[in-house]
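**Q** Below is the sequence, then the predicted model.
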Amino acid sequence: MARKIQAIRGMNDILPDQSSVWLYLEKTVADLVKSYGYQQIRFPIVENTDLFKRGVGETTDIVEKEMYTFEDRNGESLTLRPEGTASCVRAADQAGLLYNQVQRLWYAGPMFRYERPQKGRYRQFHQMGVEAFGIATADIDAELIILTAQLWKKLGLLEHVELQLNTIGLASEREAYKAALVDYLTEYKDKLDEDSQRRLTTNPLRILDSKDESTQEILKAAPTLEDYIGEESQADFDFLQSVLTANGIPYVINRRLVRGLDYYGKTVFEWVTSHLGAQATVCAGGRYDGLAEQLGCKGTPGVGFAMGVERLILLLETLDLIPDSAKFSTDVFIMSVGNDAEVASFVLAEQLRQERKDIVVLRHCGGGSFKNQMKKADRSQARFTLILGQDEVDQGICQVKNMSTGKQQSCLLKDVASLISK
Ligand code: ATP
Ligand code: MG
């Protein structure tokens, strides 16, 4: 027998027993962001490699070691998108949407990163993201964070996630801080972990993120970014905090929060949970006023975030927060014996689907004896089974069997919908 072909490591199938949770989450997000005035944008999964090199940053983990990059038949270097923000800016600019306009956009879809697969970390994973363009003031930062808090509330997650906030200031402020940080850390270079030693010359801010204990120990006495934050950045940060407080959204300030991507400045934030082990961040974002220009697009302030769909679903499952209404279940199973009854069962099924848009009506296909069909009705776990035979057709009725009580009664065809809602 030919060898079976398996899925690629770290790339998952989302099977039928999972997909209803995905639909639930996606719909909840889509409805919520729409109510805040955000419109969906869809962009390709593949882009020119340069978009991510310039957008995400040459010295980030993503570009250094996580991208799926390949040459197409023309010898052009293409990359499977590792994130959505750079593409979103590219697409909006290309369509002329960044010219003195405010845009509130959202996207959803697969992202690709060559990482070590583990719980909550995959090579194809999914993000839902929101980006707002054209607003330089921190009121939009606040709007986005409030929106995420509302989402957690809707999903029942609010008490299980923590908002971490920081401001990483303007580019000039970060440059001054970087110099001070490098000065300090160079003295302890030998004691830093390997990654951090490398980052000392490539991306020193990322050292703040290091999980290495001895590096963290050294960082304790390091200069802090806070001391380099200018008035404008601080005023924005204060304003953001006051809006969050007024809206009853608790947060903690994490001065070490810098985010892994190069494009951020001023506000950065993450929503983290203690329920998912090391893969703790379920949503992350911030302001990126310099990104558009860095990509050769019209300079436009931007702010946004992305949520990890797999991690959110893991969290909902771990906490048993998936509402019954989100789970797939069959409400009505329709079976029929005999030609006339079979034809009539189609009409009945369509009538029910019209009258009750909220229920799942499964019409048995494939014929078979009464007994055989009844077995399938049991297996479907439907709440009701409707039974049609020649007698029923002649009288314009059907038998309605309540599958949990086993009680059966006959019912006029036109009354079935109201009977099964009881
Ligand atoms: P991490 O620190 O976990 O690697 P990140 O900083 O690389 O995260 P972002 O690029 O900010 O993550 O992406 C936003 C969100 O997307 C993350 O908070 C996370 O929920 C999710 N995410 C990122 N990488 C993966 C992955 N490989 N598999 C599943 N989800 C992911
Ligand atoms: Mg990462």
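**A** Thanks, I have the structure now. Ligands and ions are numbered 1, 2, ... in the order given.

**Q** Not counting residues beside it along the chain, what's closest to the closest residue to ligand 1 within the stretch 51-200 of the chain?
**A** Residue of the stretch 51-200 of the chain nearest ligand 1, by CB to the nearest ligand atom: F125 (3.3 Å). Heads up, the C-betas are built off the backbone N, CA and C, glycines and all. Spatial nearest neighbour of F125, excluding adjacent residues (CB to CB, 6 or more residues apart in numbering): E310 at 5.3 Å.

**Q** doesn't G308 make contact with the residue of the stretch 51-200 of the chain closest to ligand 1?
**A** Yes. Using CB atoms under 8 Å, F125 is in contact with G308, at 6.4 Å.

**Q** Can you name the residues of the stretch 151-300 of the chain sitting close to ligand 1?
**A** G260, Q279, T281, V282, C283, A284 (CB under 6 Å from any ligand atom).

**Q** Which member of the residues you listed is positioned nearest Y36?
**A** Distance to Y36 across those (CB to CB) is lowest for C283, with 15.3 Å.

**Q** Please give me every residue in contact with that closest one.
**A** By CB atoms under 8 Å, 6 or more residues apart in numbering, the contact list for C283 reads T148, V161, E270, W271, F305, A306, M307, G308, L312.

**Q** Please go through the chain and pick out the longest helix.
**A** helix 16-35 (DSSP state H).

**Q** List of residues touching that helix?
**A** So helix 16-35 is in contact with 14, 40, 106, 108, 128, 130, 147, 150-151, 154-155, 307, 309, 312-313, 316-317, 322-323, 326-328, going by CB under 8 Å, 6+ apart.

**Q** residues near the residue in the chain positioned nearest to ligand 1, how many?
**A** Nearest residue of the chain to ligand 1: G308, at 2.2 Å (CB to the nearest ligand atom). The tally of other residues near G308 (other CB atoms under 10 Å) stands at 23.

**Q** what pLDDT does it get?
**A** With respect to pLDDT, G308 has a value of 98.

**Q** That one reaches L276, doesn't it?
**A** No. Using CB under 8 Å, G308 is not in contact with L276; the gap is 9.7 Å.

**Q** before we move on, what SS does the residue nearest to Y251 when sequence neighbours are not counted have?
**A** Among residues not flanking Y251 along the chain, L163 sits closest, at 4.1 Å (CB to CB, 6+ apart). Using DSSP: H, G, I helix; E, B strand; the rest coil, the secondary structure recorded for L163 is strand.

**Q** Pairing partners for L163 in the sheet, please.
**A** Here L163 shows beta-bridge partners W271, assigned using DSSP bridges.

**Q** ok, it touching N254?
**A** No. L163 is beyond contact range of N254, at 9.6 Å (criterion: CB under 8 Å).

**Q** shared neighbours, those two?
**A** Contacts common to L163 and N254, judged by CB under 8 Å, 6+ apart, are E270.

**Q** Between the two, point out the one with more neighbours.
**A** Per other CB under 10 Å, whichever of L163 and N254 has more neighbours is L163, with 21 against 17.

**Q** In contact with that one, which residues are there?
**A** Contacts of L163 by CB under 8 Å, 6+ apart are I145, A149, L244, I249, P250, Y251, V252, F269, E270, W271.

**Q** I145 versus that one, what's the distance?
**A** Per CB to CB, to the nearest Å, L163 is found 7 Å from I145.

**Q** what's around the residue of the stretch 51-200 of the chain closest to ligand 1, how many residues?
**A** 21.

**Q** is it true that Q373 touches M335?
**A** Yes. Here Q373 reaches M335: they are 4.0 Å apart, a contact under CB under 8 Å.

**Q** so what's in contact with these two at the same time?
**A** With CB under 8 Å, 6+ apart, Q373 and M335 have common neighbours H364.

**Q** So the two - more neighbours on which side?
**A** M335 (26 against 20).

**Q** Check whether the more buried one really touches S380, as I assumed.
**A** No. M335 is beyond contact range of S380, at 9.9 Å (criterion: CB under 8 Å).

**Q** would G285 count as being in a strand?
**A** Yes. Assessed by three-state DSSP, G285 belongs to a strand.

**Q** Going forward, count from 42.
**A** Shifting the count to begin at 42 puts that one at G326.

**Q** Please look at it and G349 and confirm they touch.
**A** No. Counting by CB under 8 Å, G326 does not reach G349; the two are 11.8 Å apart.

**Q** where in the stretch 292-441 of the chain is pLDDT low?
**A** Counting by pLDDT under 70, the stretch 292-441 of the chain shows no low-confidence range.

**Q** ok, back up a step: which member of the residues of the stretch 192-341 of the chain next to ligand 1 is positioned nearest T90?
**A** When those are compared against T90 (criterion: CB to CB), the nearest one is G301, at 18.5 Å.

**Q** Torsion angles phi and psi at the closest one?
**A** Here is the backbone geometry of G301 (degrees, to the nearest 10): phi -80, psi -10.

**Q** quick one, what contacts it?
**A** T101, D102, I103, R247, D250.

**Q** before we move on, the earlier item: what do G349 and L317 both touch?
**A** Contacts common to G349 and L317, judged by CB under 8 Å, 6+ apart, are G161, V323.

**Q** Check whether the longest helix of the chain comes near ligand 1.
**A** No. Judged by CB under 6 Å from any ligand atom, helix 57-76 makes no contact with ligand 1; its nearest approach is 12.8 Å.

**Q** circling back to that earlier point, give me the buried subset of the contacts of helix 57-76.
**A** 147, 149, 169, 171, 188, 191-192, 196, 348, 350, 353-354, 357, 363, 367 (16 or more other CB atoms under 10 Å).

**Q** count of residues packed around the closest residue to R397 other than its chain neighbours?
**A** Distance criterion CB to CB, 6+ apart; nearest residue to R397, sequence neighbours excluded, is A458 at 5.5 Å. Each residue near A458 was counted by other CB under 10 Å, and the total is 17.

**Q** so which strand or helix has A458?
**A** A458 belongs to helix 457-461 when elements are defined using DSSP states H and E.

**Q** ok, and what's touching that helix?
**A** By CB under 8 Å, 6+ apart, helix 457-461 touches 372-373, 389, 392-393, 396-397, 400, 424-425, 427, 439, 441, 452.
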